[in-house]
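Chemist: one predicted model, sequence on top.
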Amino acid sequence: MTLARNVISRCLTVTAVALAPLACAPRGTPSVAVTRGNTEVATTAPRYRLSEGDLSNARESTLDAVVRRLRPEWLRINPVLRQPGPPQFASVYLDNSYLGGLEVLSLVQVSEARSIEYLTAMAARGRFGASCQCGAGVIVIHERGD
């Protein structure tokens, strides 16, 4: 019994030491330019948001191009398919209104958006309700209120 307690105690200690740096790590991204391969990654906002500054610094004219360059992971299919069926992609909302699939991002000009955020499917259902058209998640465009 004592041996089992010692093993468990050591495992817990090793786990705590291994996870401590992760718990203390900053949550936002650094404020320096980062390039991964051919993809430039936005650096002024967390990975689930493109801020007004990110959008105003964008060279692209449509949100589709900006998201493809700065947050390509938002466009990937859902990696966890719990039920058989066609692949699921994120849906797009304008504030609280459903716009459609990812193809509508190419119809929205960068100048029309204040910011963009990504919600996981679970977070989207919590925000928009069980009938949410969320697929793999939701990209929410916050309209510029000029």
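Modeler: That came through, no problem.
Chemist: average pLDDT across the host helix or strand of residue 122?
Modeler: Using DSSP states H and E, residue 122 maps to helix 121-128. Mean pLDDT, computed over helix 121-128, is 89.
Chemist: show me what contacts residue 66?
Modeler: By C-beta atoms under 8 Å, 6 or more residues apart in numbering, residue 66 lies in contact with 50, 54, 55, 58, 60, 110, 116. Using the backbone N, CA and C atoms, a C-beta is placed for each residue, glycine as well.
Chemist: what secondary structure does the last one sit in?
Modeler: When the structure is reduced to helix, strand and coil (DSSP: H, G, I helix; E, B strand; the rest coil), residue 116 reads as strand.
Chemist: and the pLDDT at it?
Modeler: On the pLDDT scale, residue 116 gets 95.
Chemist: how about the second one?
Modeler: The predicted local confidence for residue 54 comes out at a pLDDT of 92.
Chemist: what about it, distance to residue 74?
Modeler: Computed as C-beta to C-beta, to the nearest Å, the residue 54 to residue 74 distance reads 13 Å.
Chemist: of the two, which one has the most company?
Modeler: residue 74 (22 against 19; other C-beta atoms under 10 Å).
Chemist: apart from its chain neighbours, what residue comes closest to the more buried one?
Modeler: residue 118 (4.9 Å; C-beta to C-beta, 6 or more residues apart in numbering).
Chemist: how many other residues sit next to the one you found?
Modeler: Counted with other C-beta under 10 Å, residue 118 comes out at 21.
Chemist: in this structure it contacts residue 137, no?
Modeler: Yes. Using C-beta atoms under 8 Å, residue 118 is in contact with residue 137, at 6.0 Å.
Chemist: overlap in contacts of the two?
Modeler: Residues touching both residue 118 and residue 137 (C-beta under 8 Å, 6+ apart) are 74, 90.
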